[in-house]
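Asker: Structure for this input, please:
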Amino acid sequence: MLLQSIPVVILMALLALVFLGLLHRVLDRMRLTRLQAMVLLGLMLVGGFMPDIVLGRGLAFNVGGALIPLGVCIYLLATADTRLERIRGVLAAVVAAVVLWGLEVMLPGQPGIGRFDIDPLYMPPLVAGLTAYLLGRSRRAAFIGGVLGVFLLDLGFWLWNVAAGLPMGPVVLGGGGVFGAMVVAGVFAVLLAELIGEIRERLGGGPAHV
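Answerer: Numbers count the residues shown, from 1 in each chain. Below is the predicted model of the structure:
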């Protein structure tokens, strides 16, 4: 029950921080105003409760949990200052997806049976955040890496099962809406990059990249 409430707490805290203007540096670096951020969060919240859009063969996507975050990623890629930053953002997503795929494959299992349980909601943001920061210390790359990393992971598993002809239930990209893994991964990754950047600046390592 506690773990299920964590995304709600994250969203409420994020809304409060944005509303109070405490994340202005992060928003500036992501080319977003406070109003735009509030609108996007509201759209994600509303879109999360809309019916999933079915694409066929057991694949669907959630408007608030996948479509809008992916749109934000496209915006961030389009407004990136350099081609290198775009490459770093995409590379962070690919590397995060590959690492997460490996963790899912090599460390399966359920809690209490002697194997390490990989929570699909909380592992991606940590992996994507660290990957994105190591690749470029960019808040934008962190968000792109977090969101697209989870997207590629889920899409990859669906394609794998389809190619193998394995029976499977419906796969909803962005399932859970604004409380789902894609959105939480993006938010966690940005906040992680910001935290590391702040610590690095205070230790005298110089300002972090945008």
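
Asker: for Leu55, helix, strand, or coil?
Answerer: Secondary structure, DSSP: H, G, I helix; E, B strand; the rest coil: Leu55 is strand.

Asker: I figured it was touching Phe61, is that so?
Answerer: Yes: at 6.9 Å, Leu55 counts as touching Phe61 under the criterion of C-beta atoms under 8 Å. Just so you know, the C-beta spots here come from the backbone N, C-alpha and C atoms, and that holds for glycine as well.

Asker: the helices in this structure, which residues?
Answerer: 2-19, 24-29, 34-48, 68-78, 83-106, 123-136, 139-164, 181-202 (DSSP state H).

Asker: for the ones you listed, which one sits closest to Val172?
Answerer: Closest to Val172 of the helices of the chain is helix 139-164 (C-beta to C-beta; 8.6 Å).

Asker: Who are the packing partners of that closest one?
Answerer: Where contact means 3 or more C-beta pairs under 8 Å, 6 or more residues apart in numbering; DSSP states H and E, helix 139-164 is packed against helix 24-29, helix 68-78, helix 83-106, helix 123-136, strand 171-173, helix 181-202.

Asker: what angle sits between it and helix 68-78?
Answerer: 120 degrees (axes from the mean of the first three to the mean of the last three C-alpha atoms, to 10 degrees).

Asker: picking that back up, tabulate the helices of the chain (a markdown table), appending distance to Val172.
Answerer: Supplementary listing: the helices of the chain in a markdown table, determined by distance: least, C-beta to C-beta, whole Å:
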| stretch | distance to Val172 |
| --- | --- |
| helix 2-19 | 16 |
| helix 24-29 | 29 |
| helix 34-48 | 11 |
| helix 68-78 | 14 |
| helix 83-106 | 17 |
| helix 123-136 | 16 |
| helix 139-164 | 9 |
| helix 181-202 | 11 |
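
Asker: Point out the one among those helices that comes closest to Leu173.
Answerer: helix 139-164 (5.5 Å).

Asker: The closest one: which residues count as buried?
Answerer: For helix 139-164, the neighbour count (16 or more other C-beta atoms under 10 Å) marks 139-155, 158 as buried.

Asker: about what we covered before: adding mean pLDDT and distance to Gly175 as columns, could you present the helices of the chain in a markdown table?
Answerer: Formatted as a markdown table, the helices of the chain follow (pLDDT from 0 to 100; distance: least, C-beta to C-beta, whole Å):
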| stretch | mean pLDDT | distance to Gly175 |
| --- | --- | --- |
| helix 2-19 | 64 | 12 |
| helix 24-29 | 77 | 26 |
| helix 34-48 | 85 | 9 |
| helix 68-78 | 91 | 12 |
| helix 83-106 | 83 | 16 |
| helix 123-136 | 70 | 14 |
| helix 139-164 | 86 | 8 |
| helix 181-202 | 78 | 8 |
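
Asker: out of those, which comes closest to Gly174?
Answerer: helix 181-202 (5.0 Å).

Asker: Which positions in the closest one come out as buried?
Answerer: Those would be 181-194, 196-197, for helix 181-202 by 16+ other C-beta under 10 Å.
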